[in-house]
Every structure is written in C-alpha cells, then in structure tokens.
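*Asks:* The sequence and its predicted three-dimensional model are supplied below.
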Amino acid sequence: MSQVVASIGPRFTRVPRLVAAFVRPLARALVGLRGMHSFASREGAKVGAAFRARLAQGDTVYLLGLTPASHNTGVALIECHPTRGARVLANLEEERFSGEKHSERFPTLSLDQLASYFERLGCTADDIHCVLTTWDYVDLISNGTRTMLEHAPASFGLMREGASIAGEFSTLVQALSTAKRLAKSGPLRNRRVPIIMMTHHENHAYHALASSPFAHSDKPTLIMVLDGFGDNGSVSVYLARKGEVERLYCNRSLTDSLGIMYGMVSSTQGGWTLNSSEGRYMGAAAWGDQNRLRNRFYRPLRELIHLSPNGEVLINRKMAGWHLAAQDTPYLEPLTAVLGPAIAREKMWNPDVILNVDDIVHAEITRERVDKAAALQMVFEDGLFHAVDHWLRKTKAEELLLTGGTALNCVANMRLMEHFDDGYYEQQLGKKGRLSLWVSPTPGDAGTPMGAALQFAMRNGVSPAKPCVATPYLCGNAAPRSVVQQALAEATLRVADSGGRLEHVELGDCEGLEGRRRVARLIATAVAAGGVVGIFQGPAETGPRALGNRSILANPCDPNSLALLNAKVKYRERVRPLAPMLTAEAARDLFELAPGAEDYDLQAYEYMVLTVRARQKARDLTPAIVHEDGTSRIQVVRPQQNSLIYEYLKQMGELVGVEVSVNTSLNVGSPIVQTPAQALQVLQKARAMDGLFMIADDHRAVVAWIDGVRPSGDVSRMPEWLEQTQQRPLDQPHVVQV
C-alpha cells in the first residue's frame with residue numbers, strides 16, 4: 001500500500017472565522033424573530049429568573065425538552081420541585097410512534113402523547129415553564145458556515161441536500177418553525193411558551209451526570225462527550241464537582257470527529273445507512289483479526305487519525321473526504337487504496353425500513369470485510385484511549401461519564417475499564433484508584449431532550465433527584481386493555497387473509513406474585529423447550545436497547561438460537577450477536593465483571609451499554625449469547641426494576657440451570673415496537689416466533705400465536721406449552737434438555 005501523507009486541520013482558518021463571526025448576529029436575529037433564544041441571551045436569563053422565582057414560591061414546575069429536527073426527534077417531560085429536585089417523567093421518541101427509524105420529523109406524535117401524562121399529573125399547559133431545544137441554532141449556523149468555508153471551494157459540497165455534516169438546510173428550516181409547530185401540536189396547542197436553545201454537548205453532559213450514580217458525588221467526575229458533531233464541535237470535556245459542571249475543552253471542529261469517522265467508514269464499507277451502520281460494524285469487528293501487529297488493514301488505516309500531545313484526535317484530511325462533501329466524497333485516493341471503493345449511498349441496504357422478508361440478500365461475509373471492521377474498531381479505540389488518558393492525567397479523576405453517540409460502542413467501553421485499572425493509576429498517576437465508568441441508557445441524541453431540560457434546571461439551581469431517572473421505561477404508557485383487544489381482533493383478520501389463524505388465550509392477572517409466577521413459568525417453559533417468544537408490557541424502553549418491556553426471548557443454552565433468530569426472526573446478518581439478560585448472581589457467576597463497573601451494585605450493567613468477557617462456564621452453558629470474540633453485552637435485571645422478567649429468569653434457572661435469557665428487541669425492520677398492533681405485526685413477520693405475551697395496563701396478560709403451518713414450515717408449539725404449564729405445579733422443578 002502507498003505511503004500516506006498527513007494533512008491535519010482546515011486549509012483556511014482566518015476567513016472562515018471572520019465570516020462565522022459576521023453570520024452569528026444575523027443568525028441570532030433570525031432565530032429571535034422565530035421566537036427562539038439562546039440560554040446565555042437576555043431572554044434566556046429572564047426565563048431562568050422567572051423559573052427560580054416559581055420554585056422559591058414552592059411551585060412544582062415542568063420543563064419540556066425538545067428535538068424539533070435532525071435524527072432522533074422527540075420530547076421529554078421533566079418535573080422540578082424546590083426540595084425533591086428534578087426528575088424525568090417521560091422521554092418520547094418520535095420513531096416509536098411514526099414507525100420510522102431515527103425519525104427526522106417534527107415530533108408531533110410524541111407531543112400528542114403528552115396529553116396522557118398531563119391528565120395523570122393533573123397539570124395543564126400553564127404548568128410548562130418553557131421549552132428547551134437540544135441544539136443552539138445560532139451556534140450551529142455560525143459553525144456550520146465556518147466548516148463549509150474551511151476547504152473552499154471543494155467544501156461547498158457540504159451544502160448539497162443530503163450531503164452536509166453541518167446541518168441540512170431542510171433540517172434548519174424545520175427547526176426554525178418550532179414555535180409555529182408547537183402552537184399546533186399536543187398540550188401546547190394555541191399557547192405561547194418561551195423557547196430556549198441549549199447547547200448540544202452540554203445536554204449530553206448534564207443528562208449523563210444527572211442520571212448517573214455520580215450525580216451527588218464529592219469526587220471530581222470527568223465527563224467526556226464524543227459525538228458525531230454538536231453545534232460547537234465534536235469533542236467536549238467537562239469536570240463536575242457536587243453538581244457543578246465546568247467545561248474544560250471543546251475541539252471546535254465538526255470534522256475532527258471519531259463519531260463521524262466510525263459512521264462514515266462503517267456505512268461505506270458495511271453497506272448500511274448512517275445511524276444504522278455503527279452497531280452492526282462493531283458486531284462484525286468481533287469476527288475480524290484484532291491483533292494490531294497481524295491485521296493488515298490496521299497500520300495503513302491508523303494513518304486516518306493523528307494524536308496530538310494535548311489529547312486531541314485529528315482526522316487526516318489527505319485520506320478522508322467527508323469534510324468536503326460528506327457521503328458524496330467519503331474517501332480520498334489514499335483511503336481508497338487502503339479500504340477499496342466506498343459503497344455508494346444508493347446501493348446501501350437500509351435495514352430500518354419496513355422489510356420485504358422474501359427479498360433480503362445480505363452482502364457476503366469475507367475475511368477481508370471483517371478484518372477491515374476490526375481495524376476500524378482498533379483505530380477508534382486508539383483515539384478514544386488517547387483522549388481519555390490525557391484528561392485523566394490532567395484531572396486525576398476516578399469517575400468517568402462517557403456520553404454522545406460513540407458511548408454506545410460497548411466493546412470500547414469494556415476495554416477502557418480494563419486499561420485504566422489500578423495499575424494505571426498507581427504507575428501513571430501516582431495514586432491508588434481505578435476507573436469507574438458510567439454510560440447512561442440513552443447516551444445518543446435520543447437522550448438529549450432530557451439533557452436540555454435537566455441542563456436548564458441544574459444551571460438554575462435545581463439538583464437532580466435521587467434518582468433522577470428511576471426507570472428506563474419512559475417512552476409512552478402501558479397499553480389499555482381495550483387497545484390490546486382491538487389489536488388482537490384486527491390482527492386476526494389480517495392473519496386470516498394470509499391463510500393463517502391467530503389464536504390467543506387469556507392468562508389472567510399477573511400483578512400479584514402467584515399470577516406473575518404463573519405467566520413467568522409459561523414463558524420459561526416455552527423458551528426452555530426451544531421456543532422464541534415476544535414480551536410486550538408496560539411503557540416502552542427509551543434508548544436503543546430493549547430491556548424486557550419490548551423484547552424477544554430465546555434459550556441461551558441452545559447453540560442454534562443465534563442462527564435461528566438472525567435468519568428467521570430478525571432477518572439480519574449472521575455476524576450479529578445476541579445479548580443476554582440475567583440476574584446479578586448469574587452475572588457474577590458466568591462473566592468477568594470489571595471492578596470499575598461493579599461499584600454501585602452493578603448499576604453500570606443494567607442497560608446493555610458494556611460488554612464483559614465470558615468465563616468458560618458461560619461459553620459451555622450459554623453459547624447463544626457469547627459473541628465471536630468471547631464477550632457478551634449483558635443486562636442485569638432486578639425485581640424492583642422489572643418484576644415479571646426477574647421472575648422469568650428465576651424460572652429459567654429452574655428449567656435450564658442458568659438464570660439467563662436471550663434478549664433482543666421486539667421489532668423486525670422497524671424501531672422497537674410501541675403499540676400492541678405493531679407487536680402483533682412482528683409476530684406475523686417473524687416466521688420462527690412461536691408466541692407473543694402482552695400485558696395490558698390493568699396487568700391482565702394474554703398470549704397469542706399463529707396456528708398451523710407457516711410458509712417456512714415452522715409450527716408454534718404454544719398449545720403444548722400451555723398444557724404443560726397447567727399440569728405442573730409451580731413449585732415442581734422440571735429441567736428441560738435441549
């Protein structure tokens with residue numbers, strides 16, 4: 001491969017800065033005319049003072065966080081009390097209600113859902129003090145303009161619709177219509193409420209801090225935001241002490257971004273669209289050669305980043321081309337020489353549209369492709385470790401909050417704790433300690449509506465409640481019984497039209513211990529016998545991971561579960577792993593848990609944001625949930641968090657010998673399902689899915705399945721499992737051999 005010459009930083013700096021400074025007051029005037037103001041503006045200070053005055057009077061005040069445009073639009077509702085502090089009540093993601101993954105639409109449907117929260121709280125629109133947006137559009141316009149001039153005229157390609165990494169014009173137009181759209185949507189219809197713009201990376205930082213076990217820590221807590229890009233840059237670093245957050249650094253670049261690098265390469269090499277490619281490529285990396293000396297793509301790809309002495313990670317602009325025209329020119333010639341031609345956007349498979357399952361053809365998996373994925377993962381980790389190392393040396397912090405979209409790289413998160421252990425602290429920092437890491441359940445942009453409202457509250461003197469986020473089940477409400485019944489009736493007709501027959505059986509109330517155990521035993525009986533079932537209960541999870549309220553469950557002990565779910569349930573590539581849910585006792589028994597994540601009673605392992613290394617016992621007993629590299633992305637389940645799933649895991653322990661289950665999201669080519677109707681559509685699409693358990697808001701449970709032979713030849717054994725459960729007493733153990 002040819003020798004690569006490095007070029008870091010923009011070609012032009014002075015003129016782009018001058019133009020950006022000229023544009024800033026114009027942008028401020030433009031957004032001001034649209035009724036939107038920065039937090040640091042005179043209007044922002046006025047709204048903050050009024051907020052503090054209401055709290056001083058003893059009022060309970062509500063704040064609305066809002067992402068009006070860009071990917072992952074949504075709305076959050078935060079309650080602020082003068083003594084109890086700030087707590088999150090809801091985080092509604094538009095994609096769940098629209099069915100469009102990473103929705104960019106104004107969150108009208110999410111706002112409409114807020115009416116039910118207002119009714120339950122007994123409040124009105126007058127109780128909403130203000131709306132906090134997740135981007136400061138003055139900063140975004142100014143810095144986006146600067147970015148588009150840094151390599152002029154070639155960088156004018158960023159202005160093309162669909163190409164820009166600095167914010168598409170259509171997205172900006174949509175954002176600037178926020179006040180008008182709010183007046184036509186949800187609980188703020190025909191109301192005028194102040195709209196304050198909050199800086200994007202601060203939203204990530206405050207949400208990470210407020211939701212973490214470190215929120216009230218006396219120790220200094222390092223917060224690192226590594227995003228695709230924000231309104232001011234792509235990397236920001238903060239230090240928190242007793243709830244006070246100080247910004248230490250922002251790279252002021254929308255190009256020098258580990259997130260953009262990973263997204264661009266994973267998309268153009270993996271063949272998936274941006275925002276869908278990153279996790280898939282990380283899964284493929286486990287199949288590749290992870291030895292830096294042996295992987296032939298690592299060394300030349302490592303030239304893509306430059307690590308500066310002050311902890312900065314800079315993109316080599318002689319290799320990358322996305323600073324010129326984003327996906328339209330992702331590679332320059334030296335990067336093409338390393339990776340080969342980029343896959344064009346129009347040739348990518350979008351796994352997040354509604355699938356025609358008869359038409360899916362995945363790209364061939366070859367040694368070269370997975371080795372490229374492994375090389376990218378190692379280069380990403382090089383940059384991440386460099387930045388973390390620098391800031392740990394400067395701050396001597398032992399607590400790290402990692403947030404932004406790149407924090408979903410759960411493999412890198414695991415390796416961070418392995419690297420920055422007690423030996424590192426003793427040898428490099430001259431002190432006793434080790435890294436304690438926390439990644440929130442929603443580190444990506446789906447969490448920023450919560451962060452915008454929390455930032456406003458905390459910067460106006462309100463501490464986060466203990467806990468600020470009591471549950472990850474924050475998206476929507478439990479389905480009413482009538483809605484479940486209507487969905488079953490409509491699905492019966494739909495299935496009949498396709499030649500099948502939908503059957504369902506009422507299982508009774510599962511709120512009490514006995515009823516819960518009966519339903520859990522039936523689920524475990526089906527799964528232990530090799531069945532694949534869905535669970536639909538309560539409000540949906542917020543964030544990218546299914547955590548037991550919208551999940552598909554299968555037997556982790558069955559070595560065929562992985563191939564079955566990938567091929568005939570989820571219709572996805574065979575390199576994709578399955579994740580386990582398990583009890584804390586099983587987690588300690590089967591996996592090597594990092595000391596830095598065991599603090600606070602394993603809370604860091606509750607949200608599937610960290611992988612762990614499997615012990616040999618896990619490889620032997622639960623082969624379906626151990627990935628190719630010997631790791632698993634675990635979810636520890638506790639009875640107070642999800643009582644039905646916890647009881648199900650205990651039943652799995654009796655039936656198969658381990659308190660573990662496969663857990664993958666309840667969806668097929670769509671966002672995680674939100675409604676009973678969507679859940680039943682998954683049952684119909686997933687040819688190897690044997691049944692669907694649905695629990696309504698009154699805790700009444702029902703199990704549905706499709707009777708008879710499906711086109712694939714799969715037959716549900718649910719009637720057999722129902723009969724087995726009815727015949728065997730709950731306290732009689734019965735181990736199923738698979």
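*Replies:* Right, received. Where do you want to start?

*Asks:* all contacts plus neighbour counts: C-alpha atoms, from now on.
*Replies:* Noted.

*Asks:* any residues touching the strand or helix carrying A49, and which ones?
*Replies:* Using DSSP states H and E, A49 sits within helix 42-56. With Cα atoms under 8 Å, 6 or more residues apart in numbering as the test, helix 42-56 has contacts from 37-39, 60-61, 81-82, 129-130, 194, 196, 456, 460-461.

*Asks:* neighbour-wise, which of these leads?
*Replies:* Using other Cα atoms under 10 Å as the neighbour test, those are led by I196, with 29 neighbours.

*Asks:* isn't A407 right next to N413, touching?
*Replies:* Yes. Applying Cα atoms under 8 Å, one finds A407 in contact with N413, separated by 7.2 Å.

*Asks:* got any residues that touch both of these two?
*Replies:* Residues touching both A407 and N413 by Cα under 8 Å, 6+ apart: V609.

*Asks:* Have a look at these two and say which one is more surrounded.
*Replies:* A407 (25 against 22).

*Asks:* Before we move on, what's the pLDDT of the closest residue to that one other than its chain neighbours?
*Replies:* Spatial nearest neighbour of A407, excluding adjacent residues (Cα to Cα, 6 or more residues apart in numbering): P443 at 6.3 Å. On pLDDT, P443 comes in at 95.

*Asks:* which ones are touching P443?
*Replies:* The neighbours of P443, taking Cα under 8 Å, 6+ apart as the test, are H204, A208, L402, T403, G404, G405, A407, L408.

*Asks:* can you do 7 Å?
*Replies:* Residues in contact with P443, defined by Cα atoms under 7 Å, 6 or more residues apart in numbering, are H204, T403, G404, G405, A407, L408.

*Asks:* Likewise for K568?
*Replies:* Residues counted as contacts of K568 (Cα under 7 Å, 6+ apart) are A686, R687, A688.

*Asks:* and what of C410?
*Replies:* Per Cα under 7 Å, 6+ apart, neighbours of C410: V609, L610, T611.

*Asks:* try 8 Å
*Replies:* Shown in contact with C410 (Cα under 8 Å, 6+ apart): M608, V609, L610, T611, R633.

*Asks:* how about CSV for those, with pLDDT, neighbour count and distance to V527 added?
*Replies:* Listed next are those as CSV, based on pLDDT from 0 to 100; neighbours: other Cα atoms under 10 Å; distance: Cα to Cα, whole Å:
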residue, pLDDT, neighbour count, distance to V527
M608, 95, 24, 21
V609, 94, 25, 25
L610, 95, 28, 25
T611, 96, 26, 24
R633, 97, 24, 20
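
*Asks:* What is the nearest of those to L429?
*Replies:* Taking Cα to Cα as the measure, L610 is the one of the contacts of C410 closest to L429, at 25.1 Å.

*Asks:* For that closest one, what are phi and psi?
*Replies:* With angles defined as degrees, to the nearest 10, L610 sits at phi -130, psi 140.

*Asks:* where's it relative to A587, distance?
*Replies:* For L610, the distance to A587 equals 13 Å [Cα to Cα, to the nearest Å].

*Asks:* Next, show the common contact partners of those two.
*Replies:* Listed as contacting both L610 and A587 by Cα under 8 Å, 6+ apart are I634.

*Asks:* returning to that earlier point: could you check the angle helix 42-56 makes with the next helix or strand along the chain from the helix holding A49?
*Replies:* Per DSSP H and E, the first helix or strand lying C-terminal to helix 42-56 is strand 61-67. Interaxial angle, strand 61-67 versus helix 42-56 (axes from the mean of the first three to the mean of the last three Cα atoms, to 10 degrees): 140 degrees.

*Asks:* What lies in contact with the helix or strand following strand 61-67?
*Replies:* Counting by DSSP H and E, the next helix or strand C-terminal to strand 61-67 is strand 74-81. With contact meaning Cα under 8 Å, 6+ apart, strand 74-81 is reached by 55, 58-68, 86-94, 106-107, 110-111, 446, 449-450, 453-454, 457, 462.

*Asks:* Got a ChimeraX select line for the buried ones in those?
*Replies:* Applying 16 or more other Cα atoms under 10 Å to those, the buried members can be selected in ChimeraX as follows:
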select :55,60,61,62,63,64,65,66,67,68,86,87,88,89,90,91,92,93,94,106,107,110,111,446,449,450,453,454,457,462
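
*Asks:* Tell me which residues touch E150, please.
*Replies:* E150 touches P10, R11, F12, T13, P16, counting by Cα under 8 Å, 6+ apart.

*Asks:* again, 10 Å this time
*Replies:* Applying Cα atoms under 10 Å, 6 or more residues apart in numbering, we find E150 in contact with G9, P10, R11, F12, T13, R14, V15, P16, R17, F156, H323, L324.

*Asks:* same question, R367
*Replies:* Contacts of R367 by Cα under 10 Å, 6+ apart are W287, G288, D289, A373.

*Asks:* Mark which of the residues you listed are part of helices, please.
*Replies:* Members of the contacts of R367 lying in helices (criterion: DSSP state H): A373.

*Asks:* Of the contacts of R367 - the most surrounded one?
*Replies:* A373 (29 neighbours).

*Asks:* From N275, how far out is that residue?
*Replies:* Distance, A373 to N275, by Cα to Cα: 16 Å.
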